[in-house]
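Q: Prediction below, plus the sequence it came from.
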Amino acid sequence: MGIITLATGKTRVSVVPARGALVSAVEVAGRQLLYMDQATLADRTKNVRGGIPLLFPFAGRLVDDLFMAAGTTIKQHGFGRNRAWDVVERSSERIVMRLVADDDTRAQFPFEFIANVEVEAVTDGVHLALETINTGQVPLPLAPGWHPYFACALADKGEVAGDVPGLARGGLSDDREHDFGLVAPATGVTHLDPLGITLSATPAMRHLQVWTLPGREFVCVEPFCGPANAINTPARALVPPGGRLELWMRILAR
């Protein structure tokens, strides 16, 4: 499967380029920040449930799975998480992975691009960056996101709260699925308790999707460029030929 470990100080970060440039684990001083269903990680026929999947070229589900710009069908969260990404740079603390448009991507997403994902182990956590370059002759529509699965004991779900309107103590529980969107703080910074996590993201990522399932020890707080179906609406980014879209996210233990 090819798990690559990055390290600095008391931080260890695991990355799996072959599973969509996935960050599969972040450990700080022996504490695991992320949830991972190991069975889904090992089974390439399944989407990985856990870690930090990259959602590219869009996050969320399209209405009827229809990508309107091309009249094609693209499943929820796009194709990036189902592709192997090439490692183009690597050090003990940092890795850069790349996906380039090919016949398979063009069949559903007929645009030219180079996407680079950087993952860096930092003090107390991980920093991720996505750079997408439009190498074609027409504007490139994008609405990417990240899908971090934060480890959360079942008994703690009702206590999860953040300094963002709509995510207050008692708003979640373990008796049913929760799946809703919130407007991200203008600063791009969200503190999550009792998870002991600070989530920071590009302020342009104005949407946070919150999701959890009963009986699963995770709470997802996901920075998106826009809500579901954004790539089919004016909420998307349109990158001009030769231009680029740069996004980042940082997760720190506190």
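A: That came through, no problem. The structure displayed is predicted, hence computed values, not measured ones. Residues are numbered from 1 along each chain as shown.
Q: ranges for the strands of the stretch 51-200 of the chain?
A: For the stretch 51-200 of the chain, applying DSSP state E, counting those that start in this stretch gives strands covering 54-55, 66-67, 72-73, 86-90, 94-100, 113-122, 125-134, 140-142, 145-146, 149-151, 161-162, 178-183, 189-193, 197-201.
Q: Show me what the fourth one is packed against.
A: To tie it back to what came earlier, the one meant is strand 86-90. Applying 3 or more CB pairs under 8 Å, 6 or more residues apart in numbering; DSSP states H and E, we find strand 86-90 packed against strand 94-100. Glycine gets a C-beta too; all of them are placed from N, C-alpha and C.
Q: elements contacting the strand it packs on?
A: strand 4-8, strand 86-90, strand 113-122.
Q: which one of the ones you listed is the most hemmed in?
A: strand 113-122 (a mean of 21; mean count of other CB atoms under 10 Å).
Q: before we move on, the earlier item: figure out which of the strands of the stretch 51-200 of the chain is closest to Gly170.
A: strand 161-162 (8.2 Å; CB to CB).
Q: Now the strands of the stretch 51-200 of the chain in TSV, please, with extra columns for mean pLDDT and distance to Arg19.
A: Shown next, in TSV, are the strands of the stretch 51-200 of the chain (pLDDT from 0 to 100; distance: least, CB to CB, whole Å):
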stretch	mean pLDDT	distance to Arg19
strand 54-55	98	10
strand 66-67	98	23
strand 72-73	98	22
strand 86-90	98	13
strand 94-100	98	11
strand 113-122	98	12
strand 125-134	98	15
strand 140-142	98	21
strand 145-146	98	14
strand 149-151	98	14
strand 161-162	94	28
strand 178-183	96	23
strand 189-193	96	25
strand 197-201	98	22
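Q: between those, which one is nearest to Gly226?
A: Gly226 sits nearest to strand 145-146 of all the strands of the stretch 51-200 of the chain, at 8.6 Å, using CB to CB.
Q: Show me the shaky parts of the protein.
A: For the chain, the stretches with pLDDT under 70 are 1.
Q: contacting residues around Thr212?
A: Thr212 is in contact with 152, 157, 172, 174, 177-178, 218-220, counting by CB atoms under 8 Å, 6 or more residues apart in numbering.
Q: Could you tell me how far it is located from His77?
A: To His77, Thr212 is 17 Å away according to CB to CB, to the nearest Å.
Q: do the same with Leu66
A: In this view, Leu66 and His77 are 15 Å apart by CB to CB.
Q: Look at those two and report which has more neighbours.
A: More neighbours surround His77 than the other of Leu66 and His77, with 26 against 14 (other CB atoms under 10 Å).
Q: Tell me if I'm right that that one and Pro53 touch.
A: Yes - counting by CB atoms under 8 Å, Pro53 is a contact partner of His77 at 7.2 Å.
Q: list residues touching both of the two?
A: Jointly contacting His77 and Pro53 under the rule CB under 8 Å, 6+ apart are His147.
Q: contacting residues for the closest residue to Ile4 other than its chain neighbours?
A: Excluding its sequence neighbours, the residue lying closest to Ile4 (CB to CB, 6 or more residues apart in numbering) is Val15, at 4.8 Å. Going by CB under 8 Å, 6+ apart, Val15 touches 3-6, 21-24, 95, 97, 119.
Q: Let's see that with 10 Å instead.
A: 2-6, 21-25, 51-52, 85, 87, 90, 95, 97, 117, 119, 121, 126, 128 (CB atoms under 10 Å, 6 or more residues apart in numbering).
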